[in-house]
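1. just coords:
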Ligand code: NAD
């Protein structure tokens with residue numbers, strides 16, 4: 001790894017033509033290998049819905065490449081303006097420059113997307129890239145390495161496979177930037193390791209993404225959107241709605257609607273191709289364990305537990321008003337468990353959110369301008385998604401990232417290009433130069449001017 005990094009550091013950034021070429025070839029390769037990508041993810045999960053993979057692993061990446069190719073010329077231009085009038089006619093500029101060699105560390109939940117999207121940004125900015133995919137999705141990691149080898153030479157993009165000890169060494173490399181996607185806990189370790197070499201970081205982390213349903217908002221509409229966003233990939237999504245805050249008087253109606261729309265979207269879950277499995281036995285046990293300590297009347301399973309020992313499909317599960325100190329309300333759920341907490345109104349929901357770690361996404365279902373303003377201005381979160389779940393991730397022009405415990409920095413679209421670039425400040429002194437007026441010795445007229 002070290003040797004490869006040294007080699008890559010000696011090489012120049014990718015030219016604009018090369019970036020465009022490579023991104024076009026990357027899109028072609030992804031298109032030509034869609035079914036292989038979907039199959040590899042399916043094998044790693046033991047079952048992952050093909051349509052979910054098509055949407056989240058393939059389509060979103062192709063859209064991101066398209067958007068990048070459309071704007072890359074504009075993004076890479078020097079932005080020049082006149083200096084402060086006192087220095088007229090000098091000029092200032094921002095000149096985007098590749099950082100050098102960027103490291104990408106990715107998780108298992110969208111194992112292709114979360115390598116490729118950061119890669120698109122890194123290549124758009126002209127960097128060479130080293131990648132460490134998650135060891136939990138080895139088939140996708142191997143396929144990603146093979147596909148990238150069709151587009152890039154080893155000195156342009158180098159994929160390192162291996163376990164946590166390899167990830168640990170990777171995070172200690174003297175890279176020029178690391179984009180890490182994963183848990184808050186590991187994010188702290190990676191940040192500590194990277195600090196040894198003062199490697200700058202973009203941290204895309206996790207946490208609990210709450211949902212507020214306003215008192216006048218249609219329960220049916222909110223429930224349909226939450227069913228889509230929460231059961232997608234069986235809740236193993238960083239921005240999956242983690243829990244719901246709703247007025248006590250509407251809780252029963254919400255539970256009925258969630259049952260209804262879950263039954264419509266997933267009439268069966270265990271033998272349903274549309275419903276994904278839990279990534280591995282450890283996570284399956286973790287999620288089942290999460291329900292322990294809750295009274296039976298608090299748990300509503302929208303399907304029977306599987307009787308097959310090898311099946312890692314977990315039924316969509318609602319948890320009604322769990323105690324606030326229970327693990328379902330303390331830890332990121334990252335699975336198909338959905339707690340519902342009752343509040344007196346939006347103000348109490350805001351107070352609750354402000355008492356917790358800052359979320360990656362905050363969901364609000366409301367048509368009230370006043371409520372939207374109160375939540376937008378009165379809370380902090382990486383993103384605020386109003387009246388729909390998940391789709392904000394798929395907006396290429398919208399920066400994606402967390403705040404506080406849910407991450408630092410952001411990417412996607414222009415923001416990704418900026419994150420992966422050094423936005424170099426340049427000052428051009430004009431031939432007419434008034435600066436001698438402020439050089440010592442400060443006597444006579446100079447003294448008068450400076451007053
Ligand atoms: P993880 O933190 O366990 O692993 C992520 C990466 O870190 C993997 O590549 C792994 O090899 C590496 N790693 C693990 N231990 C390490 C160590 N000690 N030192 C250095 N590297 C190490 O996360 P995960 O379980 O793969 O993914 C789930 C988490 O990721 C959830 O918290 C989820 O919210 C978060 N996530 C965030 C986003 C986002 O965009 N913000 C997207 C997807 C997932």
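-> Received the coordinates, thanks. Predicted model only: the values in this text are computed from it and were never measured.

2. flag every residue of the stretch 251-400 of the chain that's near the ligand.
-> Residues of the stretch 251-400 of the chain lying close to the ligand by C-beta under 6 Å from any ligand atom are 332, 334, 360. Bear in mind the C-beta positions are built from the backbone N, C-alpha and C, glycine included.

3. what separates residue 403 from residue 182, distance-wise?
-> Residue 403 sits 17 Å away from residue 182, going by C-beta to C-beta, to the nearest Å.

4. thinking again about what came up before, now the residues of the stretch 251-400 of the chain next to the ligand as CSV including distance to residue 176 and neighbour count?
-> Formatted as CSV, those follow (distance: C-beta to C-beta, whole Å; neighbours: other C-beta atoms under 10 Å):
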residue, distance to residue 176, neighbour count
332, 30, 21
334, 31, 25
360, 26, 28
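
5. could those go into a markdown table alongside pLDDT and secondary structure?
-> Shown next, in a markdown table, are these (pLDDT from 0 to 100; DSSP: H, G, I helix; E, B strand; the rest coil):
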| residue | pLDDT | secondary structure |
| --- | --- | --- |
| 332 | 98 | coil |
| 334 | 98 | coil |
| 360 | 98 | coil |
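
6. and the residue lying closest to residue 148 once chain neighbours are set aside, backbone torsions?
-> Excluding the flanking residues, the one nearest residue 148 by C-beta to C-beta, 6 or more residues apart in numbering is residue 157, at 5.2 Å. Per-residue torsions, residue 157: phi -130, psi 120 (degrees, to the nearest 10).

7. residue 157 contacts residue 144, correct?
-> No - contact criterion C-beta atoms under 8 Å: residue 157 and residue 144 do not qualify, at 10.2 Å.

8. domain ranges for the protein?
-> Domains of the chain are assigned by the TED database as 1-206+406-426, 210-394.

9. residue 62 versus residue 121, what's the distance?
-> From residue 121 over to residue 62 the distance is 15 Å, taken as C-beta to C-beta.

10. out of these two, which sits in the busier spot?
-> residue 121 (27 against 15; other C-beta atoms under 10 Å).

11. just checking, that one touches residue 420?
-> Yes - the criterion here is C-beta under 8 Å, and residue 121 meets it with residue 420 at 4.9 Å.

12. what touches both of those two?
-> By the contact definition C-beta atoms under 8 Å, 6 or more residues apart in numbering, residue 121 and residue 420 are jointly contacted by 179, 411.

13. can the residues of the stretch 251-400 of the chain next to the ligand go into TSV with extra columns for distance to residue 94?
-> Shown next, in TSV, are these (distance: C-beta to C-beta, whole Å):
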residue	distance to residue 94
332	37
334	39
360	29
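
14. now do the shared contacts for residue 157 and residue 144.
-> In contact with both residue 157 and residue 144: residue 131, using C-beta under 8 Å, 6+ apart.

15. ok, now which ones touch residue 381?
-> Residues counted as contacts of residue 381 (C-beta under 8 Å, 6+ apart) are 209, 353, 358, 359, 360, 361, 362, 403, 406.

16. quick check: the last one vs the ligand, distance?
-> Taking C-beta to the nearest ligand atom, to the nearest Å as the measure, residue 406 falls 7 Å from the ligand.

17. that residue - nearest residue in space that isn't next to it in sequence?
-> Residue 406's closest residue in space is residue 360 (C-beta to C-beta, 6+ apart), at 3.9 Å.

18. check whether the one you found really touches residue 383, as I assumed.
-> Yes - Residue 360 is in contact with residue 383 according to C-beta under 8 Å; the separation is 7.2 Å.
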